[in-house]
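**Student:** Sequence and predicted structure below; questions after.
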Amino acid sequence: MSVEHASERLIGRYARGDTGISGDEIWALEAHLEACAVCRARLSAVAEERAPAVTALVDGVWAELGPLLPDIAPMPPRRRWAPALSAWASPVMVPWLCMAAFVALLAVVFDITAGRSGGHPGEEISGVLLVAPVLPVLGVAASWARGIDPSYELTAATPRAGLELVLRRTASVLVVVICLLLVAGGLTGTTVALWLLPCLAFTAGTLALGGLIGVTRAAVALVAVWAAVIVTPTVALSRMSFALRTDSLPVWGAVLALGVAVVIARRGAYTLLGAHH
C-alpha cells in the first residue's frame with residue numbers, strides 16, 4: 001500500500017511560515033508529519049535551506065538543553081488506558097460530571113415534591129425536562145473552556161484538534177448525560193423522547209453555532225436563551241411550555257437535523273483556534 005507524501009511546495013511554504021496556507025492544509029500536513037519520518041526529514045532539510053533562522057533557534061535550544069537531559073528524572077510510565085481516555089475526555093469534565101449529577105438530582109427532587117403537584121391538570125411542570133437540554137451543553141462548554149482547562153492551549157494547538165476531537169468529547173459528554181437522564185426519567189416517569197430529542201438538538205445547535213462564535217460562547221448563549229424564554233415563564237406561570245410537550249417533538253427533530261447539517265457543512269471551522277473559545 002503506497003503512502004502519499006506531502007508536496008515539496010506545501011512543505012516549503014510550511015517551513016517558511018507562510019500565513020496563506022489554509023487551516024485544513026495545515027491540519028492535514030501536521031497530522032501526516034506525526035506518522036511520516038520521510039516527510040519530517042524533508043521538512044528538516046527544507047528548513048535548513050529556506051529558514052536558517054528557525055534552524056539556528058532550534059539548534060541553540062538543543063545546545064542548552066542537551067547537557068541537562070541526563071540529570072532529569074524520566075517520566076513515569078503512562079497507563080495503557082491514559083492515551084485513549086485523553087482522546088475522549090478532558091480532566092475538567094470531572095467537576096462538571098459532579099455538577100451534572102447534582103442538577104439531575106435536584107430535578108428529580110423537584111418533580112417528586114413540588115413539580116408534579118404544580119400547574120394545570122396534564123400540564124405539570126417537569127424539572128427533568130427543564131434541565132435536559134442544558135446538561136450536555138454545559139459539559140461541552142466545560143470541555144473547551146479556556147479559563148478552566150490548564151491544558152487548553154496545548155490541546156487546541158495539536159494537529160488533531162479539529163471536528164474529530166470536538167465530536168469525541170461531545171460523545172463522552174452525551175454518554176454521561178443520557179445515563180443520568182435515563183435514571184432521572186425512570187424515577188419521575190418522564191417519557192424518554194421528551195428529554196432525549198431536546199438534549200440532542202441543543203448539543204447539535206451548540207456545535208453548529210460554535211463553528212461561528214466559538215463552542216463555549218455558543219453554549220453560554222443557548223443556556224441563557226433557554227433560561228429566559230422557557231424556564232423562567234414555565235416556573236412563573238406554573239404551566240409547561242409548548243417546547244416541552246409531545247407536540248414539539250417534530251420541531252426538535254428538525255432542529256437536530258439542521259444542527260447536524262450545519263456542523264457537517266462547516267466542519268473545517270473547527271480546525272481554527274477561534275472555534276474553541
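**Tutor:** Perfect, I can see it now. Residues are numbered from 1 along each chain as shown.
**Student:** Show me what the helix or strand where G211 lies is packed up against.
**Tutor:** Secondary structure from DSSP states H and E places G211 in helix 192-213. The contact analysis (3 or more Cβ pairs under 8 Å, 6 or more residues apart in numbering; DSSP states H and E) places helix 192-213 against helix 127-131, helix 134-143, helix 163-188, helix 215-226, helix 249-265. All C-beta spots, glycine's among them, are computed from the backbone N, C-alpha and C.
**Student:** now do 6 Å
**Tutor:** helix 127-131, helix 134-143, helix 215-226, helix 249-265 (3 or more Cβ pairs under 6 Å, 6 or more residues apart in numbering; DSSP states H and E).
**Student:** Out of those, which gets nearest to R239?
**Tutor:** helix 127-131 (12.5 Å; Cβ to Cβ).
**Student:** thinking again about what came up before, report the backbone C-alpha coordinates of the helix holding G211 in CSV.
**Tutor:** Below are the C-alpha coordinates for helix 192-213, written out as CSV (Å, rounded to 0.1, in the frame of the first residue of the first chain):
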residue,chain,number,x,y,z
VAL,A,192,-37.6,9.3,27.1
ALA,A,193,-38.4,11.1,23.8
LEU,A,194,-39.4,14.3,25.6
TRP,A,195,-36.0,14.8,27.0
LEU,A,196,-33.8,13.0,24.5
LEU,A,197,-34.6,15.0,21.4
PRO,A,198,-34.2,18.4,23.1
CYS,A,199,-30.9,17.1,24.7
LEU,A,200,-29.5,16.1,21.3
ALA,A,201,-30.9,19.1,19.5
PHE,A,202,-29.3,21.6,21.9
THR,A,203,-26.0,19.7,21.6
ALA,A,204,-26.0,19.9,17.8
GLY,A,205,-27.1,23.5,18.0
THR,A,206,-24.1,24.3,20.3
LEU,A,207,-21.6,22.7,17.9
ALA,A,208,-23.3,24.4,14.9
LEU,A,209,-23.2,27.9,16.4
GLY,A,210,-19.8,27.1,17.9
GLY,A,211,-18.3,27.0,14.4
LEU,A,212,-19.2,30.7,14.1
ILE,A,213,-18.7,32.2,17.5
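**Student:** Now it: buried residues?
**Tutor:** Across helix 192-213, burial judged by 16 or more other Cβ atoms under 10 Å covers 194-211.
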